[in-house]
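In: can't give you the sequence, but here's the structure:
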């Protein structure tokens, strides 16, 4: 990502910046620059896949050191999946809550592709933020996860909104134009439970195209039906790609 995207996004009204790790040097450079003068106006969001508390602490301290900040606004237990040790997950959540009590974390969240795990976390009050897969093709979250999160006043951060770019490529059985990235974000943000849709433009042009969604009107019923039909084609039988296995 072009480092200039950070400042440009902030000027356009974006104040939530999420990163997985430290591999995206340009993103982090842009974020550090922004935080140097606008810290109180920016939400820094990240997380860890670590379940070992020592490595979790290492990840947490590294974030604060790399960005020169004391408080992480949102910290997620990342990629909770069905076959892992849930006692370890509980221990990680408890550690994050301890840091929260000390004022080092503002919001504790989870990320998962798995709907039953998302539902359980919502129902047991195990998260304040839910980062969950949702897009035109992956819509089953609309049945229970999104309504449950909304009822519990838990903001949903949607990721994989373009389904790793596959929604932008079209389909042999689709005769109309495929959606743009902005169309994908517009679809996701149209759901009242979704507070944020993550976007990862590579350059300023892509950023400007994506930001157009902020000025777009709500989707019409006809547009919703159209994109759902297209999403069904892209999803297929749900047996052809990694992400469709995370039911």
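Out: Arrived safely, thanks for sending. The structure presented is a predicted model; accordingly, all values stated were derived computationally and were not measured. Numbers count the residues shown, from 1 in each chain.
In: gap between the two ends of stretch 172-189?
Out: Its start and end residues considered, stretch 172-189 measures 27 Å (Cα to Cα, to the nearest Å).
In: for stretch 172-182, same thing?
Out: 22 Å.
In: Pull out the buried positions in it.
Out: 179-182 (16 or more other Cβ atoms under 10 Å). To be clear about C-beta, it is placed using only N, CA and C from the backbone, and glycine gets the same treatment.
In: what about it, average pLDDT?
Out: Here stretch 172-182 scores 95 as its mean pLDDT.
In: and what of stretch 20-39?
Out: So the average pLDDT for stretch 20-39 ends up being 95.
In: hang on, the earlier thing: among the buried residues of stretch 172-182, name the ones in helices.
Out: Of the buried residues of stretch 172-182, the ones assigned to helices by DSSP state H are 181-182.
In: just curious, which of the buried residues of stretch 172-182 is nearest to residue 51?
Out: In terms of Cβ to Cβ, no member of the buried residues of stretch 172-182 lies closer to residue 51 than residue 181, at 33.3 Å.
In: does that closest one really touch residue 206, like I thought?
Out: Yes - applying Cβ atoms under 8 Å, one finds residue 181 in contact with residue 206, separated by 7.2 Å.
In: Now do the same contact list for the residue nearest the centre of the chain.
Out: By Cα atoms, centre = their mean, the chain has its centre lying nearest to residue 159, at 3.8 Å. Under the criterion of Cβ atoms under 8 Å, 6 or more residues apart in numbering, the neighbours of residue 159 are 111, 131-134, 198.
In: beta partners of it?
Out: Under DSSP bridges, the beta-bridge partners of residue 159 are residue 133.
In: coming back round to it: any chance of the contacts of residue 159 in CSV, plus neighbour count, pLDDT and distance to residue 192?
Out: CSV is the format used below for the contacts of residue 159 (neighbours: other Cβ atoms under 10 Å; pLDDT from 0 to 100; distance: Cβ to Cβ, whole Å):
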residue, neighbour count, pLDDT, distance to residue 192
111, 22, 97, 21
131, 26, 98, 17
132, 25, 97, 15
133, 22, 94, 18
134, 25, 96, 13
198, 16, 97, 18
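In: Identify the farthest-apart pair in the residues you listed.
Out: 111 and 134 (12.1 Å).
In: Heading C-terminal from the strand or helix carrying residue 205, find the next helix or strand.
Out: Here residue 205 is covered by helix 204-211, with elements defined by DSSP states H and E. Past helix 204-211, further along toward the C-terminus, the next helix or strand under DSSP H and E is helix 221-235.
In: Could you identify the helix or strand that succeeds the lengthiest strand in the chain?
Out: Looking across the chain with DSSP state E, the single longest strand is strand 105-112. For strand 105-112, the succeeding helix or strand toward the C-terminus, using DSSP H and E, is helix 115-123.
In: just for the protein, where's the confidence low?
Out: 238-247 (pLDDT under 70).
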